[in-house]
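Peer 1: next come a sequence and a model predicted from it.
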Amino acid sequence: MGRFARNMISRVSGGSVAVSRLWPGRTDRLIIAPHDLRTADATRAAEIYAGRFVFAGKIVTCHGRSIFDLEPPSEDWEVALLGFGWLRHLRAADTALTRANARSLVDDWISNPAHKRPVGRRADVLARRVISLLSQAPLVLGDTDGKFYRRYLRGLTREIRYLRYTMLDIPDGVPRLQVLIALCYASLCLQNQARHIRTATKKLSDELQRQILPDGGHFSRNPGALIELLIDLLPLRQTFAARNIAPPPALLNAIDRMMPMLRFFRHGDGSFALFNGMSSAPSDLLATLLAYDDTHGAPMAHMPHTGFQRLDAGAMTIIMDTGPPPPPSVSHDAHAGCLSFELSSGLSRIVINCGMPSTGRDNWRAFARGTPAHSTLCYHDTSSCQFVELSAMKRLLRGSPVVSGPTTVESYREMVANGVLLTTSHDGYLARFGVVHRRVLMVAADGTRLDGEDTLSPAPGGRIKGNETDYALRFHLHPAVKASRLSDARGVMLVLPNRDVWTFEALDDKVELEDSVFLAGNDGPRRTAQIVMRQESRHAASIRWSFVRSTTSASATTARRNARREPELPL
């Protein structure tokens with residue numbers, strides 16, 4: 001309702017009058033161009049010059065027509081095109097031909113009002129385009145004449161005006177921060193914007209304090225939000241310094257808190273844990289961000305405000321979701337994965353969540369957000385969170401936020417004689433089925449064994465509701481893991497890419513190997529397997545299980561061989 005009211009206010013107020021007050025003063029010169037940390041590929045410049053635009057897994061060839069007049073093959077492709085991030089590939093080539101090509105494409109967009117499509121006016125796309133036009137200005141304006149320079153600035157100013165106008169109605173979360181970051185860039189990079197610097201800085205500081213939690217996580221609980229924000233916040237900090245303006249303390253504090261979270265969510269192979277809408281994270285982008293981390297320390301073990309636990313022992317890493325769903329306004333990508341975890345050993349990932357594909361999300365969104373797509377317990381094939389399902393409500397709310405889910409999520413961590421014990425629980429199934437899910441993990445100190453127990457029990461003084469008492473315990477496996485069920489049907493042998501062998505065992509339950517899908521791969525969805533155990537809560541309220549590294553593993557054998565090897569005599 002609040003968004004509807006803001007839409008009506010923006011329509012009634014009228015664009016021309018409101019916009020005229022948003023950008024007073026002269027903006028006849030660019031003072032500075034911010035740095036773009038995103039990786040550029042000079043080879044893609046030749047494709048763009050040839051009229052081949054490859055975005056989001058789709059290819060569109062111009063055949064002499066304007067790329068902005070062609071029908072986009074997907075919304076993801078159109079977002080990438082109209083964000084103008086591809087200008088960095090032309091800048092990487094750095095030839096007279098690519099500079100002329102960049103000017104031609106930008107001039108085509110600025111000069112033709114017919115190109116202005118709804119997706120191009122979306123707040124996050126518009127913010128991305130403003131930042132791209134500012135950061136790639138040296139490419140576009142190099143060796144140009146005064147006429148094009150003025151036309152470029154007029155077009156850029158129009159984009160910034162509209163961006164300020166869209167402040168009336170911006171989706172909460174990352175898009176709102178991206179708009180404020182773009183407006184900060186605009187005020188710093190253009191001339192005669194001293195008053196706007198103060199205003200934009202104040203708004204950005206307030207929003208950072210609201211969205212970045214004390215432990216450094218984003219309040220959407222999506223690890224990918226950290227990457228999206230840091231890739232713009234770090235150059236913004238540099239831009240303040242380049243203008244000899246002290247960066248706002250809220251910006252510096254937010255960066256200092258967010259950087260350790262990058263290490264918290266990383267597995268040994270550099271990939272991010274797949275929670276709450278996270279898809280594949282480009283390794284080169286992560287490496288660039290981590291180069292700005294001055295601490296280079298070990299990741300923290302517990303993120304109490306964001307709601308995650310990390311357990312490191314030997315070569316083993318476990319990252320677990322131990323928090324309730326985020327606020328409804330930023331839950332459009334949130335998943336029902338409470339108490340799910342991911343397990344890796346060294347450079348090999350073993351247990352995963354299915355994740356979210358980087359493109360074509362709408363095809364997989366409903367499945368990826370459900371509890372069955374996560375390595376946790378699922379009661380009666382029902383997700384622990386409920387989402388908006390009516391199409392009319394989805395259109396009104398611009399997505400499908402979480403409407404109910406766990407309200408009490410507890411986690412208690414303690415050091416014991418032979419490792420770390422983590423006890424967790426959530427009440428996501430209490431209102432509908434009268435049960436609480438409790439998960440206990442025991443990690444051996446040497447990282448060779450993980451023992452777990454999942455239990456369903458009624459609340460104190462309550463009872464299980466209804467006749468639907470079936471549940472399933474799932475562990476989704478990474479596609480690189482080769483799994484084969486043992487002959488006694490009580491376990492699964494797992495062979496990792498480095499030839500390490502792990503064994504999954506269930507003490508009292510039958511184990512099945514079923515098909516699954518890994519959605520967050522760089523090359524799109526991939527087929528994989530999942531370990532599944534099914535039970536009835538009235539007959540068997542708990543399942544005990546374990547992941548054990550075999551002593552015959554290749555790396556273990558090498559370690560023993562090195563231990564037995566006699567020391568060499570000094571020369």
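Peer 2: Yep, that arrived. Numbering: from 1, shown residues only.

Peer 1: buried sites along stretch 203-213?
Peer 2: 203, 204, 205, 207, 208, 211, 212, 213 (16 or more other CB atoms under 10 Å). Where you see a C-beta, it was placed from the backbone N, CA and C, and this is true even at glycine.

Peer 1: looking at the residues you listed, spot the one nearest residue 246.
Peer 2: Ranked by distance to residue 246 (CB to CB), these are led by residue 205 at 12.2 Å.

Peer 1: please enumerate the strands of the stretch 1-150 of the chain.
Peer 2: Applying DSSP state E, counting those that start in this stretch to the stretch 1-150 of the chain gives strands spanning 52-55, 58-61.

Peer 1: quick one: contacts of the last one?
Peer 2: Contacts of strand 58-61 with the rest of the structure, by CB atoms under 8 Å, 6 or more residues apart in numbering, involve 51, 52, 53, 67, 70, 72, 73, 74, 76, 77.

Peer 1: if we go to 6 Å?
Peer 2: Strand 58-61 is contacted from outside by 51, 52, 53, 70, 73, 74, 77, using CB atoms under 6 Å, 6 or more residues apart in numbering.

Peer 1: just among these, which is most surrounded?
Peer 2: residue 53 (21 neighbours; other CB atoms under 10 Å).

Peer 1: now for the closest residue to that residue other than its chain neighbours, how many residues are close by?
Peer 2: Nearest residue to residue 53 in three dimensions, chain neighbours excluded: residue 60, at 5.0 Å (CB to CB, 6 or more residues apart in numbering). Residue 60: 18 surrounding residues under other CB under 10 Å.

Peer 1: coming back round to it: indicate which one of the strands of the stretch 1-150 of the chain is closest to residue 500.
Peer 2: Among the strands of the stretch 1-150 of the chain, the nearest to residue 500 by CB to CB is strand 52-55 (37.3 Å).

Peer 1: need the contact partners of the closest one.
Peer 2: Taking CB under 6 Å, 6+ apart as the rule, strand 52-55 contacts 60, 61, 67, 77, 80.

Peer 1: now swap in stretch 304-318 and tell me
Peer 2: The contact list for stretch 304-318, computed with CB under 6 Å, 6+ apart, reads 213-215, 217, 221, 264, 267, 301-302, 319-320, 322-323, 341, 343-346, 411, 420, 443, 445-447.

Peer 1: also stretch 377-384?
Peer 2: Residues contacting stretch 377-384 (CB under 6 Å, 6+ apart): 336, 338, 370-372, 428-429, 433, 437, 454, 468, 470-473.

Peer 1: from residue 87, how far off is the residue nearest to residue 53?
Peer 2: As defined by CB to CB, to the nearest Å, residue 60 lies at a distance of 17 Å from residue 87.

Peer 1: ok, the spatially most central residue of the chain - contacts?
Peer 2: Nearest to the mean C-alpha position of the chain, by CA atoms, centre = their mean, lies residue 224 at 1.9 Å. Listed by CB under 6 Å, 6+ apart, the contact set of residue 224 reads residue 278.

Peer 1: can I assume it sits in a strand?
Peer 2: No - read with DSSP: H, G, I helix; E, B strand; the rest coil, residue 224 is helix and lies in no strand.

Peer 1: pull the distance from stretch 53-66 to the chain's centre.
Peer 2: From the chain centre to the centre of stretch 53-66 is a distance of 26 Å (CA atoms, centre = their mean, to the nearest Å).

Peer 1: average pLDDT for that stretch?
Peer 2: What stretch 53-66 shows for mean pLDDT is 88.

Peer 1: quick one on the thing from earlier: distance of the residue nearest to residue 53 from residue 196?
Peer 2: For residue 60 relative to residue 196 (CB to CB), the value is 37 Å.

Peer 1: beyond the helix or strand where residue 228 lies, next helix or strand please.
Peer 2: In this assignment (DSSP states H and E), residue 228 forms part of helix 223-242. Per DSSP H and E, the first helix or strand lying C-terminal to helix 223-242 is helix 249-264.

Peer 1: using PDB, list the CA coordinates for the helix holding residue 228.
Peer 2: Output of helix 223-242 as PDB, limited to C-alpha atoms (Å, rounded to 0.1, in the frame of the first residue of the first chain):
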ATOM      1  CA  PRO A 223      25.500 -13.100   0.500                       C
ATOM      2  CA  GLY A 224      25.400 -11.800  -3.000                       C
ATOM      3  CA  ALA A 225      24.300  -8.400  -1.800                       C
ATOM      4  CA  LEU A 226      27.700  -7.900  -0.300                       C
ATOM      5  CA  ILE A 227      29.400  -8.400  -3.600                       C
ATOM      6  CA  GLU A 228      26.900  -6.100  -5.500                       C
ATOM      7  CA  LEU A 229      27.400  -3.300  -3.000                       C
ATOM      8  CA  LEU A 230      31.100  -3.500  -2.300                       C
ATOM      9  CA  ILE A 231      32.000  -3.400  -6.000                       C
ATOM     10  CA  ASP A 232      30.500   0.100  -6.000                       C
ATOM     11  CA  LEU A 233      31.300   1.300  -2.400                       C
ATOM     12  CA  LEU A 234      35.000   0.700  -2.700                       C
ATOM     13  CA  PRO A 235      35.500   3.000  -5.700                       C
ATOM     14  CA  LEU A 236      33.100   5.500  -4.100                       C
ATOM     15  CA  ARG A 237      35.500   5.700  -1.100                       C
ATOM     16  CA  GLN A 238      38.300   6.400  -3.600                       C
ATOM     17  CA  THR A 239      36.300   9.000  -5.400                       C
ATOM     18  CA  PHE A 240      35.700  10.900  -2.100                       C
ATOM     19  CA  ALA A 241      39.500  10.800  -1.500                       C
ATOM     20  CA  ALA A 242      40.200  12.000  -5.100                       C
END
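
Peer 1: rewinding a little: can you say which of the contacts of stretch 304-318 are buried?
Peer 2: By the neighbour-count criterion of 16+ other CB under 10 Å, the contacts of stretch 304-318 include these buried positions: 213, 215, 217, 221, 264, 267, 302, 319-320, 322-323, 341, 343-346, 411, 420, 443, 447.

Peer 1: nearest spatial neighbour of residue 257, skipping sequence neighbours?
Peer 2: Distance criterion CB to CB, 6+ apart; nearest residue to residue 257, sequence neighbours excluded, is residue 216 at 3.5 Å.

Peer 1: test my guess that that neighbour contacts residue 255.
Peer 2: No - here residue 216 does not reach residue 255: they are 9.3 Å apart, not a contact under CB atoms under 6 Å.

Peer 1: overlap in contacts, these two.
Peer 2: Contacts common to residue 216 and residue 255, judged by CB under 6 Å, 6+ apart, are absent.

Peer 1: mind checking pLDDT for residue 445?
Peer 2: Per-residue pLDDT puts residue 445 at 92.

Peer 1: bridge partners for the closest residue to it other than its chain neighbours, pull those for me.
Peer 2: Of all residues not flanking residue 445 in the chain, residue 419 sits nearest, at 4.6 Å (CB to CB, 6+ apart). Here residue 419 shows beta-bridge partners residue 416, residue 444, assigned using DSSP bridges.

Peer 1: OK, contacts around the nearest residue to residue 103 once chain neighbours are set aside?
Peer 2: Spatial nearest neighbour of residue 103, excluding adjacent residues (CB to CB, 6+ apart): residue 140 at 5.5 Å. Contacts for residue 140 (CB under 6 Å, 6+ apart) come out as 102, 103, 106.

Peer 1: pLDDT value on the first one, please?
Peer 2: Spelled out, it's residue 102. 91.

Peer 1: that one against residue 137, yeah?
Peer 2: No - look at residue 102 against residue 137 with CB under 6 Å: they stay out of range, at 10.3 Å.

Peer 1: settle it for me: which of these two has more neighbours?
Peer 2: When neighbours are counted by other CB under 10 Å, residue 102 and residue 137 differ, and residue 102 comes out ahead with 25 against 21.

Peer 1: which residue, other than its chain neighbours, is closest to the more buried one?
Peer 2: Using CB to CB, 6+ apart, the nearest residue to residue 102 is residue 90, at 4.6 Å.
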